[in-house]
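Q: below are the sequence and a predicted model for it; my questions follow.
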Amino acid sequence: MELLNFFSKEQKETKTPLLSVLQMPFLENEKGICNNLLEQEQKKIGKTKYNIEYLEGFVDYFQKNPKIDSKIDKELLKKMIKIISLFREQFDKNKKRITKYAEAKNVNEIIPKRINLQLLGEKKLTSEKEISENLKEVFKKTLDNIICLANSHIMTFYEITEAGREMGEKKIAVIVFDNHVDMSSTEDFIWKGNIFKKLFDNNSIQKVLFIGNTPSFEIFQENNDFNENIEKIVFEEINDDNIEQINSDEMRTDGKLDRQELIQGISNILDEYKKQSVTNLIFSIDIDVLRVQQMGYTAMEYNPMNPLSYLASLDLPPKKYSELSDDEIKKIHQYIFEDNEKRLNLNAFYSKELCDPLGMALGDIGVCLDLIVKKCKLLGITFGIELKGGGKFLGDIVELSGVDYEERTTKAVATLIKRIEKNNDSL
């Protein structure tokens, strides 16, 4: 059985570059990913209200009872209050969505019903070796232009590596729509947080432009102030001529993104790419770059419903605060500061700084893609990487995972694909 049958007999004869969407499998034992069991916790999200009120009462009780507040350090109590207030803020913003979120289906069940997909291989869960071999086989045969859908940004590493394996002396640039700069340099293994660093190390790419609301180094340092024992979150301060950043959230007037300023910024960088002999350009869209909070997108790791799911999953003792034992008080402390999977201090930070940026509208990304395709044509830069079979690898849409509230994330992805398909017709 062939891996894919992207094209009909007529397509083979005319070599019309249609657009095909390739669904990537899950990677076995992907490193660097917290096993947060979100699907199991999703059903418990109805407990959010009870748990947040319990914790608010907990800190209030210890604040107002000076005789027993020695059980919790005063500075620690201040940090708890700050953390719990962040959860209250997210709960108040999202409480109307909780019931439907608890009933929502996994995005991987919904997407095949909404989007015409081809699957990479026959396994939903597979190894690095099989992913690379299957991509090599597909890229060798297809006449179509391909974009990939993936649950993790790690797949971008394998896609670009295989697509560019026979590129020779050509120079590849990637435009990445993402709220995180995946350039961590502290790990030897490949994971979604260091893929572009690894692609640079392997000489698979030569330029990257990150577009989105990338948190500053100062924000990460502020998070570490929640608990002096928390491990340092790595954030690479980028001082590399081959890497550019455009912070979309800094291009706003009264909350509205200035598209003209954004487009001009991209255009200027593409002009520089031409001067620096870039030959090929592709894209990578991490869907957390969208207006997650405003639009109710949930099928991704960084969305406000996920931290609320963590909060709802906590097994808090059904007792009066005055009856709590020292061990039970210690357990609540551990939930907030130490539990690796449900640690509220880190998730409060995710909720505030990583899950709730203003984000980009679908139309914002659409006009960027329109510009990129037109500008590449004008400058003589090839949009996509030419494949052995005759088609091109154009890029990917990644980080589709978890439950999809009202199928909103799937609908957003379908809209992006339609925009890409429209541009594909002009290639």
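A: Ah, there it is.
Q: quickly find the element holding the closest residue to residue 383 other than its chain neighbours.
A: In this structure, residue 383 finds its nearest non-sequential neighbour in residue 376, 4.4 Å apart by CB to CB, 6 or more residues apart in numbering. Heads up, the C-betas are built off the backbone N, CA and C, glycines and all. Residue 376 belongs to helix 362-379 when assigned by DSSP states H and E.
Q: in terms of secondary structure, what does the lengthiest helix in the chain contact?
A: Identified as the longest helix of the chain according to DSSP state H is helix 74-94. Applying 3 or more CB pairs under 8 Å, 6 or more residues apart in numbering; DSSP states H and E, one finds that helix 74-94 contacts helix 48-64, helix 305-313, helix 326-337, helix 344-349.
Q: list the buried residues of it.
A: Neighbour counts over helix 74-94 (16 or more other CB atoms under 10 Å) mark 77, 79-80, 83-84, 86-87, 90-91, 94 as buried.
Q: what do you get for stretch 289-299?
A: Neighbour-count burial for stretch 289-299 flags 289-293, 295-299 (criterion: 16+ other CB under 10 Å).
Q: kindly report the same for stretch 20-29.
A: Result for stretch 20-29 [16+ other CB under 10 Å]: buried residues 20-27.
Q: likewise for stretch 109-118?
A: Buried residues in stretch 109-118, counted by 16+ other CB under 10 Å: 110-111, 118.
Q: between these, which is nearest residue 47?
A: residue 110 (25.2 Å; CB to CB).
Q: about what we covered before: now the buried residues of stretch 289-299 as CSV including pLDDT and distance to residue 362?
A: Below are the buried residues of stretch 289-299 laid out as CSV (pLDDT from 0 to 100; distance: CB to CB, whole Å):
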residue, pLDDT, distance to residue 362
289, 93, 11
290, 94, 7
291, 92, 9
292, 90, 12
293, 87, 15
295, 93, 9
296, 93, 13
297, 94, 10
298, 92, 16
299, 93, 15
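Q: mind listing which of those are in helices?
A: Short answer: these in helices (DSSP H) are 292-293, 295.
Q: specify which member of those residues is nearest to residue 306.
A: Taking CB to CB as the measure, residue 306 lies nearest residue 292 of these, at 10.4 Å.
Q: name the nearest residue to that closest one, ignoring sequence neighbours.
A: residue 303 (5.0 Å).
Q: wait, a helix at the one you found?
A: No: applying DSSP: H, G, I helix; E, B strand; the rest coil, one finds residue 303 to be coil, outside a helix.
Q: for residue 309, see how far away it is.
A: 10 Å (CB to CB, to the nearest Å).
Q: can you give me the neighbour number for residue 363?
A: By other CB atoms under 10 Å, 12 other residues sit near residue 363.
Q: any idea how far it lies from residue 415?
A: 9 Å.
Q: what about the protein, any weak spots by pLDDT?
A: For the chain, the stretches with pLDDT under 70 are 1-16, 31-43, 66-72, 185-186, 214-239, 339-357.
Q: looking at the helices and strands packed on helix 74-94, spot the one closest to residue 166.
A: Across the helices and strands packed on helix 74-94, closest to residue 166 is helix 305-313 (CB to CB), at 40.0 Å.
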